[in-house]
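K.L.:
Build me a structure from this.
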Amino acid sequence: MSSLPFRIRQCARLTGNFTLRSGKVSDTYFDKYRFEADPKLLLSIAQEMASLVPSGTEVLAGLEMGGIPIVTVLSQITGIPAAFIRKEPKAYGTCRYAEGASLAGKRFALVEDVVSSGGALIDALEKPRADGFAPVAALCVSQALMASIKAVTAALQRPAVSADQAPETSRGRAANAAGTTSRSPRAPVPWQIGGARTLTQIQSPLRGSLHSPVTR
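P.N.:
Predicted coordinates:
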């Protein structure tokens, strides 16, 4: 049977003529949505990622949008409830940025598909941190640059703000993320692990064998 890195590469690595976000043109392209849309491959990826989930994790929080299919299958495999982190909270209904399982008082891990610069993961940390919520780790399928993991790890190690220290708008957001309307102060949650874990280059059954030069 082909290795998992080979299967991902065969599925997601495209050749042709591609205009990148930067405006440059490349003859190769890594389309991550292809491996996320393949049910058998997605299952294999989630089975491998299960070993990266820190012990004691209570919620797996997938980032919009690439982290959502990953976290859904990972939740099924591990039995750990899933949350879905919006880039921005919706302006109607519950107005939450964290849908699904509550993050309040929980040990949760962020889940992403591919990390290039680390910017999306770092941005996703800001709202939970402002509400006193702190992930125990960030997990991803693959990374483009070791510098991205270093940046995410540094962000994870910054302390969270307790709800009583946060501004009033942040407290309200915390209640929304928690699925409650309580405004009682809560103690800051420590960053108990503060590390980024990925199937490539860190704890790596896929070490060094996945990427084309360009990721979507």
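
K.L.:
Could you use CA atoms for every contact and neighbour count after this?
P.N.:
Fine.

K.L.:
Could you pull up the residues touching the closest residue to residue 28 other than its chain neighbours?
P.N.:
Spatially, and ignoring its direct neighbours in sequence, residue 28 is nearest to residue 15 (4.5 Å; Cα to Cα, 6 or more residues apart in numbering). For residue 15, the contact set (Cα atoms under 8 Å, 6 or more residues apart in numbering) comprises 27-29.

K.L.:
What of residue 11?
P.N.:
With contacts defined as Cα under 8 Å, 6+ apart, residue 11 is in contact with 34-35.

K.L.:
ok but it is inside a strand, no?
P.N.:
No: going by DSSP: H, G, I helix; E, B strand; the rest coil, the assignment for residue 11 is helix, not a strand.

K.L.:
so what pLDDT did it get?
P.N.:
Listed pLDDT for residue 11 reads 92.

K.L.:
which residues touch residue 106?
P.N.:
57-59.

K.L.:
In the sheet, which residues pair with residue 60? Tell me.
P.N.:
Residues in a beta bridge with residue 60, per DSSP bridges, are residue 82, residue 109.

K.L.:
between the contacts of residue 15, which is closest to residue 80?
P.N.:
residue 29 (33.2 Å; Cα to Cα).

K.L.:
That closest one: what secondary structure?
P.N.:
Here residue 29 is strand, with the state taken from three-state DSSP.

K.L.:
next one: residue 8
P.N.:
Classified using three-state DSSP, residue 8 is helix.

K.L.:
And it, how close does it get to residue 100?
P.N.:
Residue 8 sits 29 Å away from residue 100, going by Cα to Cα, to the nearest Å.

K.L.:
helices and strands of the chain: which one bottoms out on pLDDT?
P.N.:
When the helices and strands of the chain are scored by mean pLDDT, DSSP states H and E, helix 168-178 comes last with a mean of 45.

K.L.:
buried set for stretch 118-138?
P.N.:
Neighbour counts over stretch 118-138 (16 or more other Cα atoms under 10 Å) mark 118, 120-122, 124-125, 127-138 as buried.

K.L.:
So which of those residues are in strands?
P.N.:
135-138 (DSSP state E).

K.L.:
from those, which single one is nearest residue 95?
P.N.:
For those, the residue nearest residue 95 by Cα to Cα is residue 135; the value is 21.2 Å.

K.L.:
Let me know the pLDDT of the closest one.
P.N.:
With respect to pLDDT, residue 135 has a value of 86.

K.L.:
same question, residue 198
P.N.:
Among the per-residue scores, residue 198 shows a pLDDT of 55.

K.L.:
picking that back up, among the buried residues of stretch 118-138, name the ones in helices.
P.N.:
Within these, residues falling in helices by DSSP state H are 120-122, 124-125, 127-130.
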